[in-house]
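Engineer: build the 3D model from these lines:
(2 chains)
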Amino acid sequence: MKEQDKIYSSRSQRTGKFIKTGAKVGANYLKHFSKKLVTGESNEQELQEQNAEDIYNALSNLKGSALKVAQMLSMDQGLLPQAYTDKFAQAQYSAPPLSYPLVVKTFQQYFKASPLDIFDEFSRQSLAAASIGQVHRAKKGELDLAVKIQYPGVANSISSDLKMVRPVVGAMFNISQAEMSHYLGEVEGRLMEETDYNLELERGMKICEACADIDGLVFPKYYPELSAERILTMDWLEGLHLDQFLKTNPDQETRNRIGQIIWDFYDFQIHNLREVHADPHPGNFLFREDGSVGVIDFGCVKILPEDFYHRYFQIMRPAISEEKDEFLNLLFELEFLLKSDSPEEVDHFSDIYAEILSLLGKPFFSDEFDFADKSYFQKIYALSDIYQNDKMVKKAKAARGPKDSIYLNRTYFGLYNMLHMLEAKIETRSAVDKLFLEEDPIT
Amino acid sequence: MEKQDLKGKIIAHYQEYLLLNGENPASVYAFCKELEIDEAQFYEYFSDFDQIAAQFWSHLFESNLARLSETEEWSDFSSREKFLSFYFSFFENLKSHRSYANLILKQVNIAKPKGASELEAFKKQFKNWSKEIIAEGQMKDEIAGRSKFNDLYDDLFWIQCLFLLDFWRKDRSPGFESTDEAIEKSVNLSFDLIEKNALDSAFDFGKFIFQNR
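Structural biologist: Numbers count the residues shown, from 1 in each chain, chains lettered A, B, ... in the order given. Purely as a prediction, here's the structure:
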């Protein structure tokens, strides 16, 4: 991999990059509509792909929190068409690395020793890029290790990056300012946590230990004595990324089994631990030869508060929208509906949410769900288009939905998406069933 | 008293004095009296206080290079990596003398350091070293040979060094992370410029057209 020649550093430089992208996206639209004018045909898909390409190219040069925001947006349900999602899925693999001397310097800073003093072998080039750091491979005695090193100044730049991202991304993705602020507050909190590798180490160890009994999952061992605020050392896990794995043409049985492992892993975290690895994108999973699944990167963990947890799953109950009063009650409690809403708005929004929820909750409503079902995912995307273009939604000034749901939605969306890519058939009997049977546990 | 000890003692005492008082002692005489040594003994090592400060920088420079050249990887580093490593470890070492270094840097007025005798020796050493690394880089074809411009490179690197010192002096980020970024970015930029790049090809092409018209 070529080392990075330049990092877009100052705010004006980065904003400049964004504006250029905005212009390019504009040009794509122009091309699209003029083509439509001339030929009478239009290819929505092609346009989206071109936009995604340009936006992605701009963002991959930005690195750091801006890249993170792009990833988040790509994952958050209902915000992005398919083309964007595909493109952003690559982001994890391709942020360019920093120089080796800076890596040495980081080690000097925390351990008063260089990597080669600490390890027997240490790769000069980084082997993979995480969005706020890069991964080197090292050997120490018998141990084969992955060493993650964070870029300097990440924590400092998060809030300025997010401020900068706000207006431009808002315009690019057609999200209102109110929705953006609502969204970015929570995102900023999680991102700050992600820059603290001590915290990641602690959470990684905790979740790994708690999930050790789930069959088919493999976690790296973490090494606190070889880690610091900006250095994280863990076992090197062998395995293929999802796209590589799919190229080996695994049979349906294997796909189902592996999908089931991942499903069970999330089910356990959400319902038993109430703490979830909220970053289920393909880059964080390794598919191994022996049929097990490796899970890496516990930077982003969402803790689910008790109240929120119950309401969130109560509202996912099958046919909840038919229990009119209860349903509206929950919508108000979760702030999907606001006290200031007019009766018309209440009607309109509750209809929309009933539709969204019955669709998103569908996998929970039966014993088994086939995630290969393309039509299901098309319905989700179509729904998000309807939602985005809805006149009343556009007019509404306030953001809706609980803050805590942002990361849980993202988790489910990432999970669905991965299972869809795997084309897995999953037994979705889950701990949530018990919740559905509970009689209104919170009042 | 052993000779080396005395030199070290003078340096240490001067540093302490400067840190506590924020300015030079009133005279060499006063300084020596406090230290209970003869003025003559002072002049054996230094001609005035500036020389002590100068000693500080060149000592830092030398010990830094000595330490770096001992590391396993040093000899197979590219020129770019050598400059990066140099700065990273230089500023890391400087950290433990930050108050003292800042006092000197403030006096020197780093933006226009002409005639700053404190930095003179350091400047000479640094420029010589830069020349060596640049020559090495040109031999390995990492840096473009551009006849007359070549002689300017070491001056440019010295200016960069001063810029970084000034940046570090004003840096308020935790762990001076911003200085790390400044080093990474500025060294990368300068090497992108002096490596063979579009400029050289453009010049070469222009020359070709001119000769073959």
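
Engineer: ok so A:V276 is a helix residue?
Structural biologist: No - counting by DSSP: H, G, I helix; E, B strand; the rest coil, A:V276 is located in no helix; its state is strand.

Engineer: tell me the contacts of the residue lying closest to it once chain neighbours are set aside?
Structural biologist: Distances taken as C-beta to C-beta, 6 or more residues apart in numbering or on different chains place A:Q269 nearest to A:V276, at 4.5 Å, with adjacent residues excluded. Placement of C-beta: from N, CA and C, glycine included. Taking C-beta atoms under 8 Å, 6 or more residues apart in numbering or on different chains, we find A:Q269 in contact with A:207, A:211, A:275-277.

Engineer: buried residues in stretch A:332-350?
Structural biologist: A:333-337, A:341, A:348-350 (16 or more other C-beta atoms under 10 Å in any protein chain shown).

Engineer: farthest-separated two in these?
Structural biologist: A:E333 and A:H348 (19.0 Å; C-beta to C-beta).

Engineer: mind putting the buried residues of stretch A:332-350 into a markdown table with secondary structure, distance to B:E181 and pLDDT?
Structural biologist: Below are those laid out as a markdown table (DSSP: H, G, I helix; E, B strand; the rest coil; distance: C-beta to C-beta, whole Å; pLDDT from 0 to 100):
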| residue | secondary structure | distance to B:E181 | pLDDT |
| --- | --- | --- | --- |
| A:E333 | helix | 45 | 88 |
| A:L334 | coil | 42 | 86 |
| A:E335 | coil | 40 | 83 |
| A:F336 | coil | 42 | 84 |
| A:L337 | coil | 46 | 86 |
| A:D341 | coil | 47 | 84 |
| A:H348 | helix | 49 | 87 |
| A:F349 | helix | 46 | 84 |
| A:S350 | helix | 50 | 87 |
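
Engineer: nearest to chain B among these?
Structural biologist: A:E335 (36.3 Å; C-beta to the nearest C-beta).

Engineer: need the contact list for that closest one.
Structural biologist: Contacts of A:E335 (C-beta under 8 Å, 6+ apart): A:400-402.

Engineer: and which of those residues is nearest to chain B?
Structural biologist: Once C-beta to the nearest C-beta is applied, the member of these that ends up nearest chain B is A:P402, at 33.2 Å.

Engineer: tell me the phi and psi of the closest one?
Structural biologist: Backbone torsions for A:P402, taken as degrees, to the nearest 10, come to phi -70, psi 150.

Engineer: now render the contacts of A:Q269 as a markdown table, adding pLDDT and neighbour count.
Structural biologist: Shown next, in a markdown table, are those (pLDDT from 0 to 100; neighbours: other C-beta atoms under 10 Å in any protein chain shown):
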| residue | pLDDT | neighbour count |
| --- | --- | --- |
| A:I207 | 87 | 21 |
| A:C211 | 88 | 18 |
| A:E275 | 90 | 16 |
| A:V276 | 90 | 25 |
| A:H277 | 87 | 25 |
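
Engineer: which bits of chain B sit near chain A?
Structural biologist: Contact residues, chain B versus chain A (C-beta under 8 Å from any C-beta of the partner chain): B:71-73, B:77, B:80-81, B:84-85, B:88-89, B:92, B:173-175, B:177-178, B:180-181, B:183-185, B:188-189, B:192.

Engineer: and A:H136, which of the three is it?
Structural biologist: A:H136 ends up strand, using three-state DSSP.

Engineer: the stretch 151-300 of chain A against chain B: which residues are in contact?
Structural biologist: Close to chain B, as judged by C-beta under 8 Å from any C-beta, the stretch 151-300 of chain A has residues A:152-153, A:156.

Engineer: just the ones of those in helices?
Structural biologist: A:N156 (DSSP state H).

Engineer: between the residues of the stretch 151-300 of chain A next to chain B, which is closest to A:L237?
Structural biologist: A:P152 (26.5 Å).

Engineer: my guess is the closest one meets B:I183, correct?
Structural biologist: No - between A:P152 and B:I183 there is no contact under C-beta atoms under 8 Å: 9.6 Å.

Engineer: joint contacts of these two?
Structural biologist: By C-beta under 8 Å, 6+ apart, the residues touching both A:P152 and B:I183 are A:L102.

Engineer: what average pLDDT does stretch A:311-320 get?
Structural biologist: On average, the pLDDT along stretch A:311-320 is 81.

Engineer: what of stretch B:66-74?
Structural biologist: 86.

Engineer: so which bits of that stretch are buried?
Structural biologist: B:68, B:73.

Engineer: what lies in contact with that stretch?
Structural biologist: A:100, A:114, A:116, A:124, B:75, B:82, B:85-86, B:89.

Engineer: turn those into a markdown table, including distance to B:A53, secondary structure and neighbour count.
Structural biologist: Listed next are these as a markdown table, based on distance: C-beta to C-beta, whole Å; DSSP: H, G, I helix; E, B strand; the rest coil; neighbours: other C-beta atoms under 10 Å in any protein chain shown:
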| residue | distance to B:A53 | secondary structure | neighbour count |
| --- | --- | --- | --- |
| A:Y100 | 33 | helix | 22 |
| A:S114 | 30 | coil | 19 |
| A:L116 | 35 | helix | 16 |
| A:R124 | 37 | coil | 15 |
| B:S75 | 33 | helix | 8 |
| B:K82 | 26 | helix | 23 |
| B:S85 | 25 | helix | 25 |
| B:F86 | 21 | helix | 23 |
| B:S89 | 21 | helix | 21 |
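
Engineer: for the chain, which segments count as strands?
Structural biologist: In the absence of a named chain, this looks at chain A. A:121-122, A:128-130, A:133-140, A:143-150, A:217-218, A:231-235, A:275-277, A:285-287, A:293-295, A:301-303, A:368-370, A:425-427 (DSSP state E).

Engineer: ok, residues contacting the fifth one?
Structural biologist: If I follow you right, that is strand A:217-218. A:211, A:237, A:261, A:265, A:288, A:292-295.

Engineer: please apply the same query to the first one.
Structural biologist: Under the criterion C-beta under 8 Å, 6+ apart, residues A:115-116, A:136-139, A:147 lie in contact with strand A:121-122.

Engineer: in helices, which of the residues of chain B next to chain A appear?
Structural biologist: Counting by DSSP H, the residues of chain B next to chain A contribute B:80-81, B:84-85, B:88-89, B:92, B:177-178, B:180-181, B:183-185, B:188-189, B:192 to helices.

Engineer: please pick the buried ones from these.
Structural biologist: Buried by 16+ other C-beta under 10 Å: B:80-81, B:84-85, B:88-89, B:92, B:177-178, B:180-181, B:183-185, B:188, out of those.

Engineer: filter the residues of the stretch 151-300 of chain A next to chain B down to the buried ones, PyMOL style.
Structural biologist: Buried members of these, defined by 16+ other C-beta under 10 Å, are picked up in PyMOL with:
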select buried, chain A and resi 152+153
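
Engineer: how about the residues of the stretch 151-300 of chain A next to chain B in a markdown table, adding distance to A:L419?
Structural biologist: Formatted as a markdown table, these follow (distance: C-beta to C-beta, whole Å):
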| residue | distance to A:L419 |
| --- | --- |
| A:P152 | 37 |
| A:G153 | 37 |
| A:N156 | 37 |
